[in-house]
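1. Model the following, please.
(one chain, ligands or ions: 2)
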Amino acid sequence: MLGMLAAGAAGIAAAPHLQRGWEGFLGAASQTDPTGLTGLLPNPGGFRYYSVVGSVPRRNETTYELKIDGLVDRPMSFTLADLRAMPQTRIVHDVLCTDGWRVDDTPFEGVKLADLLDAAGVGRQTRAVRFTCFDGAYSESLTLEQARRSDVLIALKMQDKPITHEHGGPVRLYVAPMYFYKSAKWLSGISVTGEVVPGYWEERGYAIDGWLDGEDRTHGDAAA
Ligand SMILES: Nc1nc2c(c(=O)[nH]1)N[C@H]1C(S)=C(S)[C@@H](COP(=O)(O)O)O[C@H]1N2
Ligand SMILES: [Mo]
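-> Ligands and ions are numbered 1, 2, ... in the order given. You can find the predicted model right below:
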């Protein structure tokens, strides 16, 4: 498998006119790579592309939809245009994966999750928020208190550009003070629940508590 990937990588490197370049290639390759070995290939941006499924459908301006339901007063649905029309917040924070890689000072921009929760109306007995994705597999969760923080975004931009498909676009969750596994890519559903429902990796041994430690948690907070 790695041999195949290396051959493919060399092919792309020698043919820079091919569509989406190195990052696009890594994203595409990692989505069909059950071994996870593409994560070992060099990536100039510092990010690795993760997906728990082999391929993810693309959603765009006309096909993207974000639903909020569960224990809310008004179940709602947002298009990309709806999300863009809401107040935007930009946060610059370090990104850390539990696998050991990090990308410092990464800007994310989007709508505060708290604003969407307010729009839908969250009842008193609710304690948690569950996130689902249009890859059909990944999920995450936060307590309601965590979800209401001003550094938790429904992100439309990453590094000051629309979020690419590889990075979970057009919309991903961004939980600045926690490990990056909390930041669900390809976000399509927000469901308000009575209790925390463990997410995809959390069912497979990750901590439900995703807080970064010490300085990594607070670094860059002033930007919000
Ligand atoms: N839908 C989905 N979201 C996901 C993941 C995933 O596999 N699928 N991986 C998580 C993990 S472990 C990390 S480190 C980041 C990686 O984001 P990136 O692929 O943009 O670098 O996405 C998180 N969100
Ligand atoms: Mo991760």
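2. Verify the stated contact: residue 175 with residue 152.
-> Yes - using C-beta atoms under 8 Å, residue 175 is in contact with residue 152, at 5.2 Å. Where C-beta positions appear, they are placed from N, C-alpha and C, glycine not excepted.
3. Overlap of the contact sets of those two?
-> Shared contacts of residue 175 and residue 152 (C-beta atoms under 8 Å, 6 or more residues apart in numbering): 142, 146.
4. For the protein, which segments are assigned as strands?
-> 66-70, 76-78, 89-96, 102-112, 128-133, 139-143, 152-158, 161-162, 172-175, 187-193 (DSSP state E).
5. Give the buried residues for the fourth one.
-> Buried residues in strand 102-112, defined by neighbour count with 16 or more other C-beta atoms under 10 Å: 103, 106, 107, 108, 109, 110, 111, 112.
6. can you put the strands of the chain in JSON lines and add distance to residue 48 and mean pLDDT?
-> Formatted as JSON lines, these follow (distance: least, C-beta to C-beta, whole Å; pLDDT from 0 to 100):
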{"stretch": "strand 66-70", "distance to residue 48": "25", "mean pLDDT": "97"}
{"stretch": "strand 76-78", "distance to residue 48": "29", "mean pLDDT": "98"}
{"stretch": "strand 89-96", "distance to residue 48": "11", "mean pLDDT": "97"}
{"stretch": "strand 102-112", "distance to residue 48": "10", "mean pLDDT": "97"}
{"stretch": "strand 128-133", "distance to residue 48": "18", "mean pLDDT": "98"}
{"stretch": "strand 139-143", "distance to residue 48": "18", "mean pLDDT": "97"}
{"stretch": "strand 152-158", "distance to residue 48": "14", "mean pLDDT": "98"}
{"stretch": "strand 161-162", "distance to residue 48": "18", "mean pLDDT": "98"}
{"stretch": "strand 172-175", "distance to residue 48": "15", "mean pLDDT": "98"}
{"stretch": "strand 187-193", "distance to residue 48": "19", "mean pLDDT": "98"}
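7. Most tightly packed of those?
-> Looking across these with neighbours counted as mean count of other C-beta atoms under 10 Å, the highest average goes to strand 172-175: a mean of 26.
8. quick check, that strand touching ligand 1?
-> No - judged by C-beta under 6 Å from any ligand atom, strand 172-175 stays clear of ligand 1, getting no closer than 7.1 Å.
9. Indicate each strand paired with that strand and its parallel or antiparallel sense.
-> For strand 172-175, the paired strands and their directions (DSSP bridges) read strand 152-158 (antiparallel).
10. So what's the gap between the partner strand and the chain middle?
-> 8 Å (C-alpha atoms, centre = their mean, to the nearest Å).
11. Sort out which one of the buried residues of strand 102-112 lies nearest ligand 2 for me.
-> Nearest to ligand 2 among the buried residues of strand 102-112, counting by C-beta to the ion, is residue 103 at 11.7 Å.
12. Could you find the closest non-adjacent residue to that closest one?
-> Nearest non-adjacent residue to residue 103, counting by C-beta to C-beta, 6 or more residues apart in numbering: residue 46, 4.1 Å away.
13. Pull the contacting residues for residue 109.
-> Residue 109 neighbours (C-beta under 8 Å, 6+ apart): 88, 89, 90, 91, 153, 155, 156, 157, 158, 160.
14. go again using 6 Å as the cut-off
-> 88, 90, 157 (C-beta atoms under 6 Å, 6 or more residues apart in numbering).
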